[in-house]
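> Sequence plus the predicted model coming up.
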Amino acid sequence: MLEIKDRRLRRVLRLLIPLVLIPALAVVGTLVFDAKKHIFISLMVAVLAIVLFIAGFERRQTGTRRMVIVSVMTALSVAGRFIPFFKPVTAITVITAVYLGPESGFAVGAFSALLSNFYFGQGPWTPFQMLAWGLVGLIAGYLALPLKKSRALLLAYGVLSGFVFSLAMDVWTVIWYNGGFVPKLFLSATVTALPHTLLYAVSNFAFLFFMAKPFGDKLQRIKIKYGV
């Protein structure tokens, strides 16, 4: 596996990729590129997510072990997206981030969207889904200590993540439909999607309520056993 040894470069990449490069790609891909070329934007986002993941660890051996665990969590997340109505993608992304770090959470969220959409349908919305779920994981990783200590805070974060993801996709809807962001259209899209948003927030709460502790305990044991 590749390794980024310069600590300063790692710090720059950990901020630049999720907060500047991937958002810019998602927006430019929606506004500039033909819809038939959306898969190239999604693949570019995937490459950046991998670079971000690599920038998140210092030792190659540790990174390889973490990659295996992240791959398993991503597979579980993708499989869970086939559950009707209730989707555990956010819950698994958050749990991964809390126990394995923000970059791992971003990777699980981003690749869950990309891989599952090979079944549900790839489109210009995929990069925004990758970004939205990725950021949910990234922020959860940075809030890992308080989220571990307080179950109520963890559940609240899951509910909030449901609204954040839905709002991010509403932004995409407006940009794609109008060729630019219009607050009035955004408000309309948000109100229209409210029932779906509420259902998604409730599902996040339910999955975190039942999954956070058992999954978290197992990930914690794996971290100790393999030095991840």
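All right, it came through fine.

> Over to stretch 14-27 now: how far is its first residue from its last?
Terminal residues of stretch 14-27 lie 20 Å apart, using CA to CA, to the nearest Å.

> for that stretch, which positions count as buried?
Residues 14, 17-18, 21-23, 25-27 are the ones in stretch 14-27 that count as buried (16 or more other CB atoms under 10 Å). For every residue, glycine as well, the C-beta is placed using N, CA and C.

> Contacts for it, please.
With CB atoms under 8 Å, 6 or more residues apart in numbering as the test, stretch 14-27 has contacts from 41, 44-45, 48-49, 51-52, 55-56, 102-103, 106, 127-128, 130-131, 134-135, 138, 172, 175.

> if we go to 7 Å?
41, 44-45, 48, 51-52, 55-56, 103, 106, 127-128, 131, 134-135, 138, 175 (CB atoms under 7 Å, 6 or more residues apart in numbering).

> tell me which of the buried residues of stretch 14-27 is nearest to residue 123?
Sorting the buried residues of stretch 14-27 by how near they are to residue 123, with CB to CB, puts residue 26 at the top with 12.4 Å.

> Pull the most distant pair out of the buried residues of stretch 14-27.
14 and 27 (20.8 Å).

> Spell out, range by range, the helices that occur in this protein.
7-16, 22-31, 38-55, 60-80, 89-100, 102-120, 126-142, 144-149, 151-178, 183-192, 194-226 (DSSP state H).

> Quick one: mean pLDDT over the third one.
Summarised as a single mean, pLDDT over helix 38-55 is 92.

> For that helix, name the packing helices and strands.
Helix 38-55 sits against helix 7-16, helix 22-31, helix 102-120, helix 126-142, with contacts defined as 3 or more CB pairs under 7 Å, 6 or more residues apart in numbering; DSSP states H and E.

> ditto for the fifth one
Counting contacts by 3+ CB pairs under 7 Å, 6+ apart, helix 89-100 is packed against helix 60-80, helix 102-120, helix 126-142, helix 144-149, helix 151-178, helix 194-226.

> Please work out which of the helices of the chain is packed deepest.
helix 89-100 (a mean of 29; mean count of other CB atoms under 10 Å).

> so who does whatever residue is furthest in space from the centre of the chain touch?
The C-alpha centroid of the chain is most remote from residue 184, which lies 27.3 Å away (CA atoms, centre = their mean). For residue 184, the contact set (CB under 7 Å, 6+ apart) is empty.

> Find the nearest non-adjacent residue to residue 92, please.
Nearest residue to residue 92 in three dimensions, chain neighbours excluded: residue 77, at 4.3 Å (CB to CB, 6 or more residues apart in numbering).

> helices and strands of the protein: which one bottoms out on pLDDT?
helix 60-80 (a mean of 85; mean pLDDT, DSSP states H and E).

> Could you list the low-pLDDT ranges of the protein?
Along the chain, the model assigns pLDDT under 70 to residues 1-5, 34-36, 58-63.

> switch to 80 and redo it
For the chain, applying pLDDT under 80 flags the ranges 1-7, 32-37, 57-64, 85, 179, 225-228.
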